[in-house]
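> A predicted structure for the sequence below; I have some questions about it.
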Amino acid sequence: MEIPPKSPDESEKSPQSKELMTSNTASTLCISSRSESVWTSTSRSKWDIYHKPVIVVSVGAAVFVFGVVITSLSCIQTKNKNVYKMCGPAFLSLGLMLLVCGLVWIPIIRKKQKQRQKSQFLQSLKSFFFNR
C-alpha cells in the first residue's frame, strides 16, 4: 500500500500563500456586498427593479385562484369532500398572503427609489458647492 504524501504544516507554508489567502478574503468581501447599486451608478430597467414583487404577486394570485377552485370543489364533489375542505382554505390563505406581500412590496420599492434619487441629487449639489 502506498502512503499518501504529507501535507505541509501551517508553519511550513510559504508567506506567499498566506498573502494570497488574505487578499482572497478581502476580494470576496467586496464582491459579496449586498448593495452593489451604491457602488455602481448604472441605471436599471423597471423589470430589474420590480421583478421580485411581480413574481410574488403572480404566484400569489395563482395560488389564490387554485384555492378558490379547490374550495369550490368541496361544494360540488361528494367524493374526497374532507380533503377539499382542508386544502382549499389553506391555499386561499397562502395565496392571499403572497398577493398582499407583493402588493405592499411595490410601494416600498418606489419609496426607496425616490429616496435614492433625492440622495443622489443632494450629493451632487454638495459636491458642486464644496469642491470649488
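On my side now, so go ahead. Numbering: from 1, shown residues only.
> Could you list the low-confidence segments of this structure?
Applying pLDDT under 70 to the chain flags residues 1-42, 132.
> Scan it for its longest helix.
Once the chain is assigned using DSSP state H, the helix that runs over the most residues is helix 81-130.
> hang on, Gly60 packs against Val104?
No. With contact defined as C-beta atoms under 8 Å, Gly60 and Val104 do not form a contacting pair (11.3 Å). (C-beta placed from N, C-alpha, C; glycine too.)
> ok, these two, which is more surrounded?
Taking neighbours as other C-beta atoms under 10 Å, Gly60 and Val104 compare with Gly60 leading, 20 against 10.
> Quick check: closest non-adjacent residue to the more buried one.
Leu98 (2.9 Å; C-beta to C-beta, 6 or more residues apart in numbering).
> Name the residues of the host helix or strand of Val54 that come out as buried.
Val54 belongs to helix 46-76 when elements are defined using DSSP states H and E. For helix 46-76, a neighbour-count test (16 or more other C-beta atoms under 10 Å) marks 49-50, 53, 56-57, 60-61, 63-64, 66-67, 70-71, 73-74 as buried.
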